[in-house]
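A.B. asks: Structure, please.
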Amino acid sequence: MNKILKVNNIEKYYRNKGSLTKAVDNISFDVELGEYIGIMGASGSGKTTLLNCISTIDSITSGNIYISDQDITKMDEYELSKFRREQLGFIFQDFNLLDTLSARDNIALSLAITGESPKEIDTKIDTISEKLGVKEILNKYPYELSGGQKQRIACARAIITNPSLILADEPTGALDSKSAKMLLENLELLNEELKATILMVTHDAFTASYCKRILFIKDGKIFNELVRGNDTRKEFFDKIIKVISLLGGDNQHVF
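C.D. replies: All right, here's what the predicted structure looks like:
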(Lines give C-alpha, C1' and ligand atoms only; values in the text may rest on other atoms or scores of the structure.)
Protein backbone atom coordinates (compact mmCIF):
# COMPACT_ATOMS: atom_id res chain seq x y z
CA MET A 1 0.00 0.00 0.00
CA ASN A 2 0.94 3.65 -0.41
CA LYS A 3 2.11 5.43 2.74
CA ILE A 4 0.46 8.85 3.03
CA LEU A 5 1.99 9.71 6.42
CA LYS A 6 5.24 8.55 7.99
CA VAL A 7 6.08 9.81 11.48
CA ASN A 8 9.67 8.93 12.29
CA ASN A 9 11.04 9.16 15.87
CA ILE A 10 9.61 12.60 16.56
CA GLU A 11 10.06 14.48 19.82
CA LYS A 12 8.61 17.79 20.96
CA TYR A 13 9.86 19.77 23.95
CA TYR A 14 8.30 22.87 25.51
CA ARG A 15 10.23 25.25 27.72
CA ASN A 16 8.20 27.09 30.36
CA LYS A 17 9.60 29.24 33.18
CA GLY A 18 12.89 27.41 33.26
CA SER A 19 11.40 23.89 33.08
CA LEU A 20 11.57 21.58 30.08
CA THR A 21 8.58 19.37 29.22
CA LYS A 22 8.66 16.53 26.68
CA ALA A 23 5.18 16.56 25.13
CA VAL A 24 5.95 13.98 22.42
CA ASP A 25 8.44 11.25 23.24
CA ASN A 26 10.02 9.38 20.29
CA ILE A 27 6.80 8.52 18.44
CA SER A 28 6.84 6.60 15.14
CA PHE A 29 3.95 5.28 13.04
CA ASP A 30 2.71 5.10 9.44
CA VAL A 31 -0.66 5.80 7.85
CA GLU A 32 -1.58 4.14 4.58
CA LEU A 33 -3.70 5.60 1.79
CA GLY A 34 -7.39 5.34 2.68
CA GLU A 35 -6.92 4.60 6.37
CA TYR A 36 -9.13 6.14 9.06
CA ILE A 37 -7.00 6.53 12.18
CA GLY A 38 -7.98 7.74 15.64
CA ILE A 39 -5.60 9.16 18.24
CA MET A 40 -6.78 8.91 21.85
CA GLY A 41 -5.32 9.78 25.22
CA ALA A 42 -6.10 11.58 28.45
CA SER A 43 -5.78 15.35 28.74
CA GLY A 44 -2.09 16.27 28.65
CA SER A 45 -1.06 12.99 27.04
CA GLY A 46 0.41 14.70 23.98
CA LYS A 47 -2.24 13.74 21.42
CA THR A 48 -3.11 17.32 20.41
CA THR A 49 0.57 18.30 20.27
CA LEU A 50 1.15 15.33 17.97
CA LEU A 51 -1.68 16.44 15.68
CA ASN A 52 -0.41 20.02 15.68
CA CYS A 53 3.03 18.83 14.59
CA ILE A 54 1.60 16.69 11.78
CA SER A 55 -0.66 19.55 10.65
CA THR A 56 2.36 21.93 10.43
CA ILE A 57 0.77 24.20 13.05
CA ASP A 58 3.65 23.41 15.41
CA SER A 59 7.24 22.34 14.75
CA ILE A 60 8.99 19.30 16.18
CA THR A 61 12.20 19.29 18.20
CA SER A 62 13.66 16.23 16.47
CA GLY A 63 12.70 13.50 14.03
CA ASN A 64 10.94 13.65 10.65
CA ILE A 65 7.38 13.77 9.35
CA TYR A 66 6.70 12.74 5.76
CA ILE A 67 3.36 13.41 4.06
CA SER A 68 3.05 12.02 0.52
CA ASP A 69 6.82 11.43 0.57
CA GLN A 70 7.57 15.07 1.37
CA ASP A 71 9.48 15.86 4.57
CA ILE A 72 7.49 18.73 6.08
CA THR A 73 10.11 19.19 8.81
CA LYS A 74 12.53 20.53 6.18
CA MET A 75 10.15 23.10 4.68
CA ASP A 76 10.33 26.86 5.23
CA GLU A 77 7.24 28.96 6.07
CA TYR A 78 6.36 29.66 2.43
CA GLU A 79 6.65 25.99 1.48
CA LEU A 80 4.61 24.95 4.53
CA SER A 81 1.85 27.42 3.70
CA LYS A 82 1.60 26.13 0.14
CA PHE A 83 1.77 22.51 1.28
CA ARG A 84 -0.90 23.06 3.94
CA ARG A 85 -3.21 24.67 1.39
CA GLU A 86 -2.77 22.01 -1.28
CA GLN A 87 -2.21 18.76 0.62
CA LEU A 88 -4.07 19.00 3.94
CA GLY A 89 -7.73 19.24 4.89
CA PHE A 90 -8.82 20.39 8.35
CA ILE A 91 -11.93 19.77 10.45
CA PHE A 92 -11.96 21.70 13.73
CA GLN A 93 -14.13 21.44 16.83
CA ASP A 94 -15.25 25.07 16.47
CA PHE A 95 -15.88 24.76 12.69
CA ASN A 96 -13.69 27.79 11.69
CA LEU A 97 -16.19 28.97 9.08
CA LEU A 98 -16.08 32.60 7.96
CA ASP A 99 -19.27 34.34 9.13
CA THR A 100 -19.24 36.83 6.24
CA LEU A 101 -19.32 34.09 3.60
CA SER A 102 -22.14 31.75 2.64
CA ALA A 103 -21.71 28.02 3.13
CA ARG A 104 -20.97 27.69 -0.60
CA ASP A 105 -18.31 30.39 -0.48
CA ASN A 106 -16.73 28.86 2.62
CA ILE A 107 -16.32 25.61 0.70
CA ALA A 108 -15.17 27.38 -2.47
CA LEU A 109 -12.55 29.57 -0.82
CA SER A 110 -9.70 27.04 -0.83
CA LEU A 111 -10.35 26.25 -4.52
CA ALA A 112 -10.47 29.91 -5.45
CA ILE A 113 -7.11 30.49 -3.74
CA THR A 114 -5.52 27.79 -5.89
CA GLY A 115 -6.87 29.45 -9.03
CA GLU A 116 -9.55 26.99 -10.15
CA SER A 117 -12.16 28.35 -12.55
CA PRO A 118 -15.68 29.22 -11.29
CA LYS A 119 -17.12 26.44 -13.45
CA GLU A 120 -14.77 23.81 -11.95
CA ILE A 121 -15.51 25.10 -8.44
CA ASP A 122 -19.29 24.90 -8.97
CA THR A 123 -19.02 21.35 -10.32
CA LYS A 124 -16.95 20.16 -7.36
CA ILE A 125 -19.20 21.86 -4.81
CA ASP A 126 -22.34 20.38 -6.40
CA THR A 127 -20.82 16.89 -6.26
CA ILE A 128 -19.60 16.99 -2.65
CA SER A 129 -22.66 18.82 -1.31
CA GLU A 130 -24.90 16.16 -2.82
CA LYS A 131 -22.92 13.39 -1.12
CA LEU A 132 -22.91 15.15 2.26
CA GLY A 133 -26.55 16.22 2.09
CA VAL A 134 -25.88 19.96 2.36
CA LYS A 135 -26.98 21.16 -1.07
CA GLU A 136 -30.09 22.86 0.27
CA ILE A 137 -28.12 25.00 2.77
CA LEU A 138 -25.30 26.22 0.51
CA ASN A 139 -26.70 29.75 0.26
CA LYS A 140 -27.12 30.16 4.01
CA TYR A 141 -24.60 31.87 6.27
CA PRO A 142 -22.96 30.16 9.28
CA TYR A 143 -25.18 32.01 11.79
CA GLU A 144 -28.21 30.46 10.07
CA LEU A 145 -26.89 26.89 10.43
CA SER A 146 -27.04 24.36 13.25
CA GLY A 147 -23.84 22.95 14.71
CA GLY A 148 -24.26 19.74 12.73
CA GLN A 149 -24.80 21.63 9.49
CA LYS A 150 -21.73 23.78 10.12
CA GLN A 151 -19.62 20.69 10.69
CA ARG A 152 -20.85 19.06 7.49
CA ILE A 153 -19.93 22.24 5.60
CA ALA A 154 -16.52 21.99 7.27
CA CYS A 155 -16.26 18.39 6.02
CA ALA A 156 -17.06 19.52 2.48
CA ARG A 157 -14.44 22.26 2.74
CA ALA A 158 -11.85 19.75 4.00
CA ILE A 159 -12.33 17.26 1.16
CA ILE A 160 -13.01 19.63 -1.76
CA THR A 161 -9.32 20.09 -2.64
CA ASN A 162 -8.74 16.31 -2.68
CA PRO A 163 -6.06 16.54 0.04
CA SER A 164 -3.55 13.80 0.81
CA LEU A 165 -4.63 13.81 4.46
CA ILE A 166 -7.62 15.11 6.43
CA LEU A 167 -6.88 16.11 10.04
CA ALA A 168 -9.78 16.28 12.49
CA ASP A 169 -9.37 17.74 15.99
CA GLU A 170 -12.21 16.67 18.33
CA PRO A 171 -14.73 17.16 15.47
CA THR A 172 -17.75 16.10 17.56
CA GLY A 173 -16.76 18.05 20.67
CA ALA A 174 -19.23 20.91 20.13
CA LEU A 175 -22.11 18.80 18.80
CA ASP A 176 -25.17 17.15 20.37
CA SER A 177 -25.41 13.37 20.06
CA LYS A 178 -27.65 13.42 16.96
CA SER A 179 -25.43 15.90 15.09
CA ALA A 180 -22.31 14.01 16.19
CA LYS A 181 -23.65 10.74 14.80
CA MET A 182 -24.52 12.43 11.50
CA LEU A 183 -21.04 13.94 11.24
CA LEU A 184 -19.39 10.60 11.97
CA GLU A 185 -21.46 8.96 9.26
CA ASN A 186 -20.28 11.69 6.88
CA LEU A 187 -16.64 11.11 7.82
CA GLU A 188 -17.20 7.40 7.24
CA LEU A 189 -18.61 8.24 3.80
CA LEU A 190 -15.58 10.41 2.98
CA ASN A 191 -13.33 7.53 3.97
CA GLU A 192 -15.17 4.64 2.33
CA GLU A 193 -16.62 6.22 -0.83
CA LEU A 194 -14.14 9.01 -1.55
CA LYS A 195 -11.10 7.11 -0.19
CA ALA A 196 -10.13 10.04 2.05
CA THR A 197 -7.29 9.35 4.50
CA ILE A 198 -8.35 10.66 7.91
CA LEU A 199 -6.38 11.20 11.13
CA MET A 200 -8.64 12.20 14.01
CA VAL A 201 -7.89 13.17 17.61
CA THR A 202 -10.73 12.41 20.00
CA HIS A 203 -11.27 11.72 23.71
CA ASP A 204 -14.60 10.00 23.03
CA ALA A 205 -14.92 6.23 22.62
CA PHE A 206 -18.14 6.43 20.59
CA THR A 207 -16.46 8.76 18.09
CA ALA A 208 -13.35 6.58 17.99
CA SER A 209 -15.42 3.46 17.27
CA TYR A 210 -15.94 4.74 13.71
CA CYS A 211 -12.18 4.54 13.04
CA LYS A 212 -10.41 1.55 11.53
CA ARG A 213 -7.36 1.83 13.79
CA ILE A 214 -6.62 3.71 17.00
CA LEU A 215 -3.34 4.82 18.54
CA PHE A 216 -3.47 5.47 22.29
CA ILE A 217 -1.05 8.08 23.62
CA LYS A 218 0.17 8.20 27.22
CA ASP A 219 2.88 10.52 28.57
CA GLY A 220 3.87 11.46 25.04
CA LYS A 221 4.36 7.86 23.87
CA ILE A 222 2.27 5.31 22.01
CA PHE A 223 0.79 3.19 24.79
CA ASN A 224 -1.33 0.80 22.75
CA GLU A 225 -2.87 0.23 19.33
CA LEU A 226 -6.20 -1.27 18.31
CA VAL A 227 -7.20 -2.43 14.84
CA ARG A 228 -10.93 -2.83 14.21
CA GLY A 229 -10.61 -5.59 11.63
CA ASN A 230 -13.91 -7.47 11.35
CA ASP A 231 -15.30 -6.21 14.66
CA THR A 232 -18.67 -4.50 14.72
CA ARG A 233 -18.60 -0.94 16.01
CA LYS A 234 -20.09 -2.15 19.30
CA GLU A 235 -17.34 -4.77 19.69
CA PHE A 236 -14.69 -2.20 18.81
CA PHE A 237 -16.23 0.29 21.23
CA ASP A 238 -15.98 -2.27 24.06
CA LYS A 239 -12.30 -2.84 23.29
CA ILE A 240 -11.68 0.90 23.27
CA ILE A 241 -13.30 1.26 26.68
CA LYS A 242 -11.01 -1.45 28.09
CA VAL A 243 -7.89 0.38 26.90
CA ILE A 244 -9.22 3.71 28.18
CA SER A 245 -9.69 2.14 31.62
CA LEU A 246 -5.99 1.27 31.60
CA LEU A 247 -5.15 4.82 30.54
CA GLY A 248 -7.27 6.27 33.32
CA GLY A 249 -9.44 8.21 30.86
CA ASP A 250 -12.74 9.99 31.40
CA ASN A 251 -16.13 8.33 31.16
CA GLN A 252 -17.23 7.97 27.56
CA HIS A 253 -20.49 7.96 25.63
CA VAL A 254 -22.35 4.68 25.41
CA PHE A 255 -24.24 3.16 22.49
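A.B. asks: Now do the same for the closest residue to V227 other than its chain neighbours: its pLDDT.
C.D. replies: Closest residue to V227 in three dimensions, ignoring its sequence neighbours and counting by C-beta to C-beta, 6 or more residues apart in numbering: R213, at 5.0 Å. For glycine as for every other residue, the C-beta is placed from the backbone atoms N, C-alpha and C. At R213 the predicted local confidence, pLDDT, stands at 97.
A.B. asks: same question, G248
C.D. replies: 69.
A.B. asks: quick one: the strands in the stretch 1-150 of the chain?
C.D. replies: Counting by DSSP state E, counting those that start in this stretch, residue ranges of the strands within the stretch 1-150 of the chain are 3-16, 19-32, 36-40, 62-67, 70-71, 88-92.
A.B. asks: Let me have those in a markdown table, extended by distance to L247.
C.D. replies: Written out in a markdown table, the entries for the strands of the stretch 1-150 of the chain read as follows (distance: least, C-beta to C-beta, whole Å):
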| stretch | distance to L247 |
| --- | --- |
| strand 3-16 | 20 |
| strand 19-32 | 15 |
| strand 36-40 | 8 |
| strand 62-67 | 24 |
| strand 70-71 | 31 |
| strand 88-92 | 24 |
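A.B. asks: any idea which of those is most buried?
C.D. replies: The highest mean neighbour count among the strands of the stretch 1-150 of the chain, using mean count of other C-beta atoms under 10 Å, belongs to strand 36-40: a mean of 25.
A.B. asks: Now do that strand, average pLDDT.
C.D. replies: The predicted model assigns strand 36-40 a mean pLDDT of 96.
A.B. asks: Now do that strand and strand 3-16, the angle between them.
C.D. replies: Our comparison of strand 36-40 with strand 3-16, counting by axes from the mean of the first three to the mean of the last three C-alpha atoms, to 10 degrees, yields an angle of 20 degrees.
A.B. asks: Okay, now the unreliable bits of the stretch 151-255 of the chain?
C.D. replies: The stretch 151-255 of the chain contains residues with pLDDT under 70 at 248-255.
A.B. asks: Of the strands of the stretch 1-150 of the chain, which is nearest V243?
C.D. replies: Each of the strands of the stretch 1-150 of the chain was scored for nearness to V243 using C-beta to C-beta, and the closest is strand 36-40 (7.9 Å).
A.B. asks: what does that closest one rub up against?
C.D. replies: The contact list for strand 36-40, computed with C-beta atoms under 8 Å, 6 or more residues apart in numbering, reads 31, 47, 50-51, 187-188, 191, 197-203, 205, 207-208, 210-217, 240, 243-244, 247, 249.
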